[in-house]
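Engineer: okay, here's the prediction I keep looking at, along with the sequence it came from:
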Amino acid sequence: MPKLSIVMFSGDMDKAMASMIIANGAAASGWDVTIFTTFWGTALFRDPNKKAPKPKDTMSKMFGMMLPNGPDEAKLSKMNMLGLGTRMMKNRMSAKKVRTLRGMMEDAKELGVRFLVCDLTMNIMGIQREEFSDIVDDFVGVGTYLGEAENADVNLFI
Amino acid sequence: MPKLSIVMFSGDMDKAMASMIIANGAAASGWDVTIFTTFWGTALFRDPNKKAPKPKDTMSKMFGMMLPNGPDEAKLSKMNMLGLGTRMMKNRMSAKKVRTLRGMMEDAKELGVRFLVCDLTMNIMGIQREEFSDIVDDFVGVGTYLGEAENADVNLFI
Amino acid sequence: MPKLSIVMFSGDMDKAMASMIIANGAAASGWDVTIFTTFWGTALFRDPNKKAPKPKDTMSKMFGMMLPNGPDEAKLSKMNMLGLGTRMMKNRMSAKKVRTLRGMMEDAKELGVRFLVCDLTMNIMGIQREEFSDIVDDFVGVGTYLGEAENADVNLFI
């Protein structure tokens, strides 16, 4: 069984879609797929319906407000045009019957893709475990990533 | 013969140049090189002298107008400064006898680099096969990419 | 001993940090790690205390002024907000006892990470060897990169 490992660094809608399309294509063909979300990518795995159990300091609150709260708030890296371009792209994908980013992430989970969140990013951005979507499998450090990557046939940083 | 596979996601001039310099360096040394162009990278493979044979809907026309029409319209990802930075970079490359992005793509073709265009991107952006440059070899899905990537010695996402 | 090879294309603080965290995590576990800095990433390896021995032409001077002069001048790729976001991130990292980008690069050197600078970038941007930090090991072309990448277990383009 081939193995794919992706570092999902970007929180942009277009790059996150590229991650998910490659991941889901592989998982649907029986590959073992692991996605490590770090930095901006991490915010896409927050669940807007969940609350942080512990109080947050000012900086953590600011990160919380400025970062996208889950995949529906992700924006295009280019041609965002104050949100207009992103909305046009979403309409277009819907017209073409392409899954939303959220839908792709749910498909991934069903196909067995594993989602690991970078604990250093959580620490810096002040995001707590309880704020993440149920599709997240675990919270790990760079050592876990390297162990996966070493054994992967295909490694990508997106 | 070592094998290199690049996902060319970015349509920025600087990143596309990085893709082509690595690809051409490898192909010139006898490597088997495949480039998959997806999302913004796809527009760099349009031929400005070709016309779409089928009528386009409004959204496809808008994508057509907003995206670079071939490699000569690509812009720097940083320091573009309304086009000034990109023009300065082109002048500089010319003075230093560095090939243009278009020249690098033509060299790649001669060196045997294969160019595969992502059909999902074509569908979303409404670009038709007949609009692409002759250097494109085929139009494929993510499954074809994964088959190539699995057997590649070096995989990059640019 | 597993082998990691990173193309450090980006000069953004966040992406450079991702490069260094992965590189240092690997090197600390005994991996053989090589980083090739190209394009924007190259400017992060300039030493602000060093001077170019040979006179520079106008374009080289302009690149010299516009590009970050070493890691302390790197900016976030997102939420930079005219420098405010980058300053907030630096304060936050300091409060969380995360090393600065400069500190990470120094750690890397001690851990045995090798830094190779792309000579084509130096030529285009007009940066001379004597301007680089002492952590740089050598100045090389794409062929050297490909030789390293072919033998690496994990290849990333960041």
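Structural biologist: Yep, that arrived. Numbers count the residues shown, from 1 in each chain, chains lettered A, B, ... in the order given.
Engineer: give me the number of residues near residue A:96?
Structural biologist: 13 (other CB atoms under 10 Å in any protein chain shown). Where C-beta positions appear, they are placed from N, C-alpha and C, glycine not excepted.
Engineer: which residues touch it?
Structural biologist: By CB atoms under 8 Å, 6 or more residues apart in numbering or on different chains, the contact list for residue A:96 reads B:123, B:124.
Engineer: separation between it and residue B:67?
Structural biologist: 16 Å (CB to CB, to the nearest Å).
Engineer: ok, which residues in chain A are in contact with chain C?
Structural biologist: A:7, A:9, A:11, A:38-40, A:59, A:62, A:66, A:120, A:123-124, A:141-143, A:145-146, A:149-150, A:152, A:155-157 (CB under 8 Å from any CB of the partner chain).
Engineer: only the buried subset of those, as a ChimeraX command please.
Structural biologist: Buried residues within the residues of chain A next to chain C, by 16 or more other CB atoms under 10 Å in any protein chain shown, are selected in ChimeraX with:
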select /A:7,9,11,38,39,40,59,62,120,124,142,145,146,149,150,152,155,156,157
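Engineer: among the residues of chain A next to chain C, name the ones in strands.
Structural biologist: If you go by DSSP state E, the residues of chain A next to chain C have A:7, A:155, A:156, A:157 in strands.
Engineer: verify the stated contact: the first one with residue A:148.
Structural biologist: It refers to residue A:7. No: under the criterion of CB atoms under 8 Å, residue A:7 makes no contact with residue A:148, lying 10.0 Å away.
Engineer: in chain A, what residue lies closest to chain B?
Structural biologist: residue A:25 (3.6 Å; CB to the nearest CB).
Engineer: residue contacts, that residue?
Structural biologist: Going by CB under 8 Å, 6+ apart, the list of residues near residue A:25 reads B:141, B:142, B:143, B:145, B:146.
Engineer: put together JSON lines for these, with distance to chain A on each row.
Structural biologist: What follows is the contacts of residue A:25, written out as JSON lines (distance: CB to the nearest CB, whole Å):
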{"residue": "B:141", "distance to chain A": "8"}
{"residue": "B:142", "distance to chain A": "4"}
{"residue": "B:143", "distance to chain A": "6"}
{"residue": "B:145", "distance to chain A": "7"}
{"residue": "B:146", "distance to chain A": "5"}
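Engineer: a markdown table for those, including pLDDT?
Structural biologist: Listed next are the contacts of residue A:25 as a markdown table, based on pLDDT from 0 to 100:
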| residue | pLDDT |
| --- | --- |
| B:141 | 98 |
| B:142 | 98 |
| B:143 | 98 |
| B:145 | 98 |
| B:146 | 98 |
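Engineer: pull the residues that contact stretch A:62-72.
Structural biologist: Contact with stretch A:62-72 is made by A:11, A:13, A:16, A:40, A:43-48, A:52, A:56, A:74-75, A:100-102, A:105, A:125-127, A:133, C:79, C:88, as judged by CB under 8 Å, 6+ apart.
Engineer: could I get the full set of strands for chain A?
Structural biologist: Along chain A, counting by DSSP E, strands occupy A:3-8, A:32-37, A:114-118, A:138-140, A:154-157.
Engineer: who in chain A is up against chain B?
Structural biologist: Counting by CB under 8 Å from any CB, chain A sits next to chain B at A:2, A:4, A:14-15, A:17-18, A:21-22, A:25-26, A:29, A:31, A:78-79, A:88-89, A:91-93, A:95-96, A:98, A:153-158.
Engineer: what's near enough to touch whichever residue of chain A sits closest to chain C?
Structural biologist: Evaluated by CB to the nearest CB, chain A has residue A:142 as its residue closest to chain C, separated by 3.6 Å. Counting by CB under 8 Å, 6+ apart, residue A:142 touches A:118, A:120, C:21, C:22, C:25.
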